[in-house]
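>>> need coordinates for the following:
(one chain, ligands or ions: 1)
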Amino acid sequence: MLIAADKFKGSLTAVEVAERVTAGLRRGAPHGGEGLRIAALPVADGGDGTVDAAVAAGFERREARVTGPLGAPVTAAYALHGTTAVVEMAEASGLRHLPKGVFAPLTATTYGSGELLRAALDAGARTIVFGVGGSATTDGGAGMLSALGARFLRADGTPVAPGGGPLRDLATADLSGLDPRLADTETVLASDVDNPLTGPKGAAAVYGPQKGAGEDDVAALDAALAHYVRVLERAVGTSAAEYALAPGAGAAGGIGFGALVGLGASFRPGIEVMLDVLGFPAALEGADLVITGEGSLDEQTLHGKAPAGVAAAARARGVEVVAVCGRLSLPPVALGNAGIRRAYALTDLEPDPTRCIAEAGPLLERTAERLAADFLG
Ligand SMILES: O=C(O)[C@H](O)CO
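The predicted structure follows:
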């Protein structure tokens with residue numbers, strides 16, 4: 001049996017989910033789970049928790065002091081194994097670095113993500129899995145590229161201020177000073193979403209509001225990002241406009257676009273990349289059941305989130321999949337189409353959402369006991 005679940009956002013990390021499920025399965029299995037072989041492979045889709053999942057799979061955890069989204073320094077981790085690094089942009093530029101209730105939709109910067117990438121290059125990384133999502137920023141990756149040597153100037157020759165809003169003042173872009181090691185580095189953009197950079201499905205319109213952007217901010221950011229693309233077109237050619245439309249360009253406030261244009265990154269859905277990096281195919285060998293899950297199993301899950309990716313990969317190898325979650329809002333037919341035979345929700349045991357979050361650990365153990373009774377009894 002293999003537990004390959006993502007975190008329950010706001011209550012349990014993916015490692016904790018695996019621990020709780022293991023404990024519950026052992027309690028619920030016949031003979032106290034004696035002889036039961038349970039393996040755990042905590043998973044992530046490129047967003048929050050991606051470095052932790054890599055570390056749980058055997059990567060070394062490294063840390064760097066970098067510029068946070070508001071400009072103050074933060075400590076950010078990346079994961080290294082040989083010459084492969086897993087760099088999670090949210091470690092440097094994520095919403096998690098904003099004080100509660102404080103947002104900076106127009107000025108938050110990805111500069112620290114560029115510094116974190118540079119730290120991985122300094123450590124010898126030549127393949128970088130760049131996990132993006134959960135960002136506080138909408139700067140199109142301009143901050144990240146600046147930290148790696150690009151120059152973004154206003155008409156008077158001074159650098160544009162940090163953030164997506166000030167990109168409206170951009171007059172010239174110069175990528176010629178980008179760290180030359182990037183040219184010899186394979187960078188994979190592991191994205192939690194496949195949105196384009198601008199427009200109604202773009203970074204500002206879809207994800208700006210969760211970063212505190214009001215209607216006017218969204219319009220200003222979208223216009224500034226479109227202007228940024230036009231200026232970059234003059235610097236690197238029409239490919240900039242093509243990249244702006246590419247899947248994943250709008251991920252993490254447009255850092256996807258910055259990675260495609262400036263880092264020569266190739267886009268892959270985050271969970272697919274991470275399953276390869278974490279060694280999912282090897283972990284699956286010999287497993288007769290996979291338990292996946294995340295905090296909320298809903299419509300979004302079906303669009304490339306971790307449980308859908310795990311289920312697709314396991315089903316492709318003929319292994320049955322069940323899921324655990326905090327909250328379930330998918331009908332059985334949608335679960336079935338995603339390759340998930342059955343889902344167990346914590347809210348079945350505790351309908352009150354606040355208590356459900358506060359007691360997620362013990363509730364998950366009891367949920368796993370029920371699962372054991374159904375599948376191992
Ligand atoms: O960071 C964000 O904007 C969202 O997670 C989508 O990538």
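>>> around the ligand, pick out the residues from the stretch 201-350 of the chain.
Within the stretch 201-350 of the chain, the positions near the ligand by CB under 6 Å from any ligand atom are Tyr207, Ala251, Ala252, Gly253. Just so you know, the C-beta spots here come from the backbone N, C-alpha and C atoms, and that holds for glycine as well.
>>> now with 8 Å?
Residues of the stretch 201-350 of the chain that fall close to the ligand, judged by CB under 8 Å from any ligand atom: Ala203, Val206, Tyr207, Gln210, Lys211, Gly250, Ala251, Ala252, Gly253, Gly256.
>>> can you turn the buried part of those into a ChimeraX selection?
The ChimeraX command for the buried members of those (criterion: 16 or more other CB atoms under 10 Å) is given here:
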select :203,206,207,211,250,251,252,253,256
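>>> quick one: which of the residues of the stretch 201-350 of the chain next to the ligand sit in helices?
Members of those lying in helices (criterion: DSSP state H): Gly256.
>>> who touches stretch 82-91?
When contacts are defined by CB atoms under 8 Å, 6 or more residues apart in numbering, stretch 82-91 is touched by residues 46-48, 50-51, 54, 59, 76-80, 94, 96, 110, 113, 116-117, 120, 123-135, 144, 252, 255, 277.
>>> now, the residues of the stretch 201-350 of the chain next to the ligand that are in strands?
Nothing among those maps onto strands, per DSSP state E.
>>> so which residues of the stretch 1-150 of the chain form helices?
Here the stretch 1-150 of the chain has its helices, by DSSP state H, counting those that start in this stretch, at 14-28, 50-56, 89-93, 111-122, 142-147.
>>> ignore what I typed, I meant the stretch 251-377 of the chain.
Counting by DSSP H, counting those that start in this stretch, the helices of the stretch 251-377 of the chain are 255-262, 270-278, 280-284, 299-302, 306-316, 332-337, 353-358, 360-376.
>>> adding mean pLDDT, write these out as JSON lines.
Listed next are the helices of the stretch 251-377 of the chain as JSON lines, based on pLDDT from 0 to 100:
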{"stretch": "helix 255-262", "mean pLDDT": "98"}
{"stretch": "helix 270-278", "mean pLDDT": "96"}
{"stretch": "helix 280-284", "mean pLDDT": "96"}
{"stretch": "helix 299-302", "mean pLDDT": "90"}
{"stretch": "helix 306-316", "mean pLDDT": "97"}
{"stretch": "helix 332-337", "mean pLDDT": "97"}
{"stretch": "helix 353-358", "mean pLDDT": "94"}
{"stretch": "helix 360-376", "mean pLDDT": "96"}
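>>> good, we can wrap up now.
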